[in-house]
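Undergrad: give me a 3D structure for the following:
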Amino acid sequence: MANRYELAYIYARVCGAAARTWNASRIAELAHGGKAGDAWRAVFNEAPPSLPANVLVDEAERKAIRSAFSEYQELLNHLSGEEPFFEALRRKAEFARVKRVILAVHTNEPKCPESDDPSLKPGFNAAAYPDIAKMFAGGHYSWIKKEDADSFAATENRLDIQYYQELWQALQTIKPVRRGAVEELVGLDIELQNVLWALRLSRYYGMNAEKIKPLLVDIEGRDFISAALACVDKRPDKRDEWSGWKYEFLIGGDEQESGWLLDVRNVELEARRYIYRRLKKALHLHPFSYTPLYCYFKLKEFETVTVLSLFEGISLGAPVEEITRLAPSSGGAV
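TA: Reported below is the predicted structural model:
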């Protein structure tokens, strides 16, 4: 377990990195220029490679994600011992890779998608690609079979559930004195993910609570599901039905607004901003715990999504206001 000196050093490093996080004003400044090459120079502090615009966007995505994981690993290297929680947290990159691998098999891609976090010990045999049975047999994802490539949505959902359940289990191995706000923040992330999944499934696919419940992240001994199920039967065009719901502040509008209609995409953006602000606040409240390390990981995640939105927005010629809106620091509900 890390000592106070190590944690104080990491906290100082995290504070410096957090101060450089990409925000709405920086994104807007680059979006106004409308050139992917200029965005590359600003984000990566180097000249862009000579690639077509669409290929440059793909390369920016890979570089941003890998840089984020690499920077996070550099911080973890300052810990004197290993914590299962941080390996479980970093494994998010591999879960994303597994999804890409299954999709690649389904679409007959010739090469196995690469890892975005090469320093993490692999949980499956990528050398056996495209043989799903051999790739995942006896490994971290041994439940995945050949037929799972044909039911991608169900497989993706199960992988998401596995990630959060393993993350919560690993969290319990951290001594309480070092947890700080980590348990609270991870719980919030799980609960809001459940809320967003439930909203999408009910709004876009007409699924009821009975069908949605098995698709949510269920943590034994904790209730991260009730808030999600509570919104399933509420009508998307009746604002007053949402009064008193736990996350009402994310949906906007008021009871008297005529023509109101629930915007699931906007709820997702507001949820991101809410978590972002909670992370920024918690980072400074628990400096001698693992909270800054967790917050840094999540803030880098937000930063990466924001930067990728910049590149994609520029390549598509999207309005500056739309690109900026995707930045978690651009405002939103309190």
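
Undergrad: now the stretch 1-150 of the chain, which segments are flagged as low pLDDT?
TA: In the predicted model of the stretch 1-150 of the chain, residues 1-2, 18-28, 30, 33, 81 satisfy pLDDT under 70.

Undergrad: tell me where it has helices.
TA: Listed in chain order, the helices of the stretch 1-150 of the chain (DSSP state H, counting those that start in this stretch) span 4-19, 24-33, 36-44, 53-76, 84-90, 92-106, 132-136.

Undergrad: residue 217 is nearest to which of those?
TA: The minimum distance between residue 217 and the helices of the stretch 1-150 of the chain falls on helix 92-106, with 13.0 Å, by Cβ to Cβ. (C-beta placed from N, C-alpha, C; glycine too.)

Undergrad: contacts for that closest one next, please.
TA: Applying Cβ atoms under 8 Å, 6 or more residues apart in numbering, the contact partners of helix 92-106 are 65, 69, 111-117, 120, 122-124, 126, 129-130, 132, 135, 140-141, 144, 148-150, 152, 155-156, 159-160, 162-163.

Undergrad: let me have the helices of the stretch 1-150 of the chain in JSON lines, adding mean neighbour count and distance to residue 268 as columns.
TA: Output for those, formatted as JSON lines (neighbours: other Cβ atoms under 10 Å; distance: least, Cβ to Cβ, whole Å):
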{"stretch": "helix 4-19", "mean neighbour count": "15", "distance to residue 268": "23"}
{"stretch": "helix 24-33", "mean neighbour count": "17", "distance to residue 268": "17"}
{"stretch": "helix 36-44", "mean neighbour count": "18", "distance to residue 268": "24"}
{"stretch": "helix 53-76", "mean neighbour count": "17", "distance to residue 268": "20"}
{"stretch": "helix 84-90", "mean neighbour count": "19", "distance to residue 268": "22"}
{"stretch": "helix 92-106", "mean neighbour count": "19", "distance to residue 268": "18"}
{"stretch": "helix 132-136", "mean neighbour count": "18", "distance to residue 268": "31"}
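
Undergrad: mind checking which of these is nearest residue 188?
TA: With Cβ to Cβ as the criterion, residue 188 lies closest to helix 84-90 of these, at 15.0 Å.
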